[in-house]
Structure formats: structure tokens, C-alpha cells
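quick one, what's the 3D model for this:
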Amino acid sequence: MFAYAEGAATASGIASHAEGNITTASGDTSHTEGYAATASGIASHAEGDSTTASGDTSHAEGDSTTASGNCSHAEGYNTTASGICSHAEGTYNVVDTHAIHSVGIGTDSVSKNAEYIYIGIDESDGIDDSDPKHGYKYLIGVGGYDGISTDTS
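Below you'll find the model as predicted:
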């Protein structure tokens, strides 16, 4: 299994590595570092404070971030990247699997995006570039976008 843990950490995935305090690397070839970080996706990486990388080949960094979509990346504070190949940054973004990119400007009471880029998703969670809104970019204050609605209808 060749898992390796340093500090108060747990490494249980094949070729996984956990370091820090209360970190867990359970995905095969995953890596965690910091405090209370969890990497459960295959080849995932979580670093910082209370970060979670649960999607395969995902990366979460910062404080209280989650990268749950496969190939996703979340950074900042309390952001979530839930879509396939998605990216979330900033603070308290609006979580949507159709967001390939979101920049959160929210607070603990209201999640809000300054920017949101829509990606078409088909029935098998693959990219659907025939979706008429595929690639649409929403900017807060432009065209009536309020930073909260994601227009996935």
C-alpha cells in the first residue's frame, strides 16, 4: 500500500501521503497537508484548514474550501467547485454544477458571485457544447445578473 503519514494524520489510500494535524488522505495517490484537510478522491490534493478534495484529480486549498467535481479546483474561503473541471475562488460562491468558473464575493449569510461562467452538461455529466448557454459569462450588475441566480433553467 505504501501510504505515509506525518504528524496527527492518516494515510490509507494506495501511495497516499498525509501530513499535518487531523488530515486524511484516503484516495489512492492523494495528498493532504495542513489542519483537518481531507483528500478522498483519486489523485486529489487538499491543503490548508478544513479543506476537502473529494473529486478525482481535484484540488482544494485555503480555508473551508471543497473541490467535489472531478478535475475541479477550489481556493479561497468557503468556496466550492462542484462541476466537472470547474474552478471556484474568492469567498462564499454560489455552488452550481454548471459553473465552470465562479468568483465568490459572498458572506456567511449570503452566497454571491461577482462572475459566473456557464458550461453545458449532458445527461452523463459530460460537457455539452450544443447547450445554447454553453460559455455564457455572467457579471454582477451586467444585464440584470444579481450575483445569486445561476440561470440553469
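
who's in contact with the residue nearest the centre of the chain?
The chain has Ala67 as the residue nearest its centroid, 2.3 Å off, counting by Cα atoms, centre = their mean. Shown in contact with Ala67 (Cβ atoms under 8 Å, 6 or more residues apart in numbering): 41, 44, 46, 52-55, 58-60, 73-74, 80-81. For every residue, glycine as well, the C-beta is placed using N, CA and C.

at 7 Å what do you get?
Shown in contact with Ala67 (Cβ atoms under 7 Å, 6 or more residues apart in numbering): Ala53, Gly55, Ser58, His59, Ala60, His73, Ala74, Ala81.

once you drop chain neighbours, what's closest to it?
Ser58 (3.7 Å; Cβ to Cβ, 6 or more residues apart in numbering).

wait, the one you found sits on Gly41?
Yes - counting by Cβ atoms under 7 Å, Ser58 does reach Gly41; the two are 5.1 Å apart.

gap between the two ends of stretch 36-48?
For stretch 36-48, the first-to-last residue distance is 8 Å (Cα to Cα, to the nearest Å).
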